[in-house]
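Asks: Return a 3D structure for these sequence lines:
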Amino acid sequence: MTSAIVMSDAQRRARLVRRHLLAAPESDPVAITSALVALHSTDPASVYLSAAARGCPPATRALDAALYEDRSLVRMLGMRRTMFVVAADFAPVVHAAATRAIAERERSRLIGFIEAGGLAKDGATFLARLEDATMEALLERGEAYGTDLGAAVTGLRQQIAIAGGTQSLTTRVLFILAAEGRIVRGRPKGSWISSQYSWAPAPKPPATTAQLPAADAQAQLARAYLAGYGPATIADIQWWTGWTAGVTKKALKQLSTLDVQLAQGAAFVLADDDPADDPPAPAPAARLLPALDPTVMGWTGRDFYLDPEHRDHTREAALFDRSGNPGPTVWWGGQIVGGWAQRKDGDVVVRLLTDIGKAGASSVESEAARTAEFFGDVRVTPRFRTALERSLMS
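Replies: All right, here's what the predicted structure looks like:
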């Protein structure tokens with residue numbers, strides 16, 4: 001029996017820096033997205049800031065072109081029922097591995113809401129007719145916002161009772177159409193920090209279950225994750241994908257992997273990704289990553305790059321909120337060494353929580369100035385506020 005490869009935290013950090021583009025800059029937004037598998041898009045600003053931090057110049061123009069002109073990137077619901085931006089050629093894998101099941105659950109829930117609210121006895125038929133009318137209106141316009149579609153399709157303006165409140169059918173119907181891959185998000189109303197997206201018919205329908213079974217897609221997604229984030233434990237893979245333990249183990253069984261022993265426990269890398277072949281660690285470089293950056297969110301076991309005390313939301317120097325969402329972080333040599341914030345006057349201020357020496361601190365200050373230049377006149381408040389980010393704002 002072959003013994004597991006032992007890998008230190010320092011080796012993991014060196015690999016993280018290289019594979020997550022935290023040393024040498026990358027200018028192509030699709031290459032950045034693919035290296036990280038997906039960019040978190042719950043907060044729209046995170047997409048642009050994640051790309052800018054890795055050297056995409058200028059991030060807003062390049063990303064807009066990829067998202068809304070050549071469509072080489074697509075914004076979609078994916079792992080953990082979370083919004084992501086992914087490469088268009090990888091979107092079918094994410095859809096089959098994660099989104100398809102979400103769409104099925106949400107369709108069943110909405111049918112239940114429709115019937116419970118007395119809108120129709122046959123909720124499935126009612127919903128199908130409403131979806132057809134919505135698609136017809138969207139095809140006529142080519143691209144439209146939800147308010148425009150609600151004005152065009154009377155049925156969308158009907159209300160349903162959800163969680164003690166009410167919601168128009170517009171939001172739910174568009175959600176399902178998007179989750180099923182029938183429509184895609186277009187340009188937002190306003191600037192790159194807006195989350196009020198237009199909608200357009202999808203360029204082509206997603207793969208069916210027969211064309212791309214869920215199990216095959218899950219194996220492909222697990223492979224992509226390990227290529228970008230390995231070594232990773234089963235808990236890491238399960239958390240990142242949002243799968244059950246059973247699905248996670250089945251996906252791993254379809255891959256050829258090597259066993260790795262970490263300080264955090266047993267882990268895996270792809271069989272063609274032996275850590276013994278890793279190049280020397282790159283020189284440390286400062287990076288200011290935004291809230292919800294995919295690197296910060298890449299593992300559930302984060303002690304190899306993060307002081308556990310800084311996850312405690314009750315501390316004044318907390319880098320995470322009470323729900324576990326990370327705020328803006330400062331990185332040096334593959335570790336989180338502090339936090340940052342953009343003040344109302346546009347200044348980007350940092351607080352180092354780890355001593356990285358004068359050269360490191362100077363590099364961080366230079367990166368803060370570069371980040372402030374990227375923002376220009378735009379002011380961004382993270383959707384999820386942390387104690388440290390709030391304290392830097394005062």
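
Asks: Just read off the phi/psi values of residue 348.
Replies: Backbone geometry at residue 348, expressed as degrees, to the nearest 10, gives phi -100, psi 120.

Asks: okay, now it: neighbour count?
Replies: 21 (other CB atoms under 10 Å). For every residue, glycine as well, the C-beta is placed using N, CA and C.

Asks: what residue ranges in this structure are flagged as low confidence?
Replies: In the predicted model, the chain carries pLDDT under 70 at residues 1-2.

Asks: show me where it has helices.
Replies: 9-19, 29-35, 44-53, 59-64, 91-94, 100-116, 123-141, 146-152, 169-179, 214-229, 234-241, 245-253, 357-375, 387-393 (DSSP state H).

Asks: which of these is buried the deepest?
Replies: helix 44-53 (a mean of 26; mean count of other CB atoms under 10 Å).

Asks: quick revisit: reformat the helices of the chain as JSON lines; add distance to residue 323.
Replies: Output for those, formatted as JSON lines (distance: least, CB to CB, whole Å):
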{"stretch": "helix 9-19", "distance to residue 323": "24"}
{"stretch": "helix 29-35", "distance to residue 323": "25"}
{"stretch": "helix 44-53", "distance to residue 323": "16"}
{"stretch": "helix 59-64", "distance to residue 323": "27"}
{"stretch": "helix 91-94", "distance to residue 323": "23"}
{"stretch": "helix 100-116", "distance to residue 323": "20"}
{"stretch": "helix 123-141", "distance to residue 323": "32"}
{"stretch": "helix 146-152", "distance to residue 323": "27"}
{"stretch": "helix 169-179", "distance to residue 323": "21"}
{"stretch": "helix 214-229", "distance to residue 323": "22"}
{"stretch": "helix 234-241", "distance to residue 323": "14"}
{"stretch": "helix 245-253", "distance to residue 323": "22"}
{"stretch": "helix 357-375", "distance to residue 323": "25"}
{"stretch": "helix 387-393", "distance to residue 323": "13"}
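
Asks: right, and those helices - which one's nearest residue 196?
Replies: Closest of the helices of the chain to residue 196 is helix 146-152, at 8.1 Å (criterion: CB to CB).

Asks: Now tell me what touches the closest one from outside.
Replies: 134, 137-138, 141, 144, 156-157, 168, 170-171, 174, 199 (CB atoms under 8 Å, 6 or more residues apart in numbering).

Asks: Can you verify my assumption that residue 11 contacts residue 275?
Replies: Yes: look at residue 11 against residue 275 with CB atoms under 8 Å: they come within range, at 6.3 Å.

Asks: And the strands in the stretch 201-350 of the chain?
Replies: Ranges of strands in the stretch 201-350 of the chain, per DSSP state E, counting those that start in this stretch, are 257-262, 265-270, 286-289, 329-332, 335-342, 348-352.

Asks: partners of the longest one, with directions?
Replies: What that stands for is strand 335-342. Sheet pairing for strand 335-342, assigned by DSSP bridges, gives strand 329-332 (antiparallel), strand 348-352 (antiparallel).

Asks: Highest mean neighbour count out of the ones you listed?
Replies: Among those, highest average neighbours (mean count of other CB under 10 Å) belong to strand 329-332, with a mean of 26.

Asks: Would you mind measuring from the spatially closest residue to residue 284 that is not a sequence neighbour to residue 352?
Replies: Nearest non-adjacent residue to residue 284, counting by CB to CB, 6 or more residues apart in numbering: residue 333, 3.8 Å away. According to CB to CB, to the nearest Å, residue 333 stands 13 Å off from residue 352.
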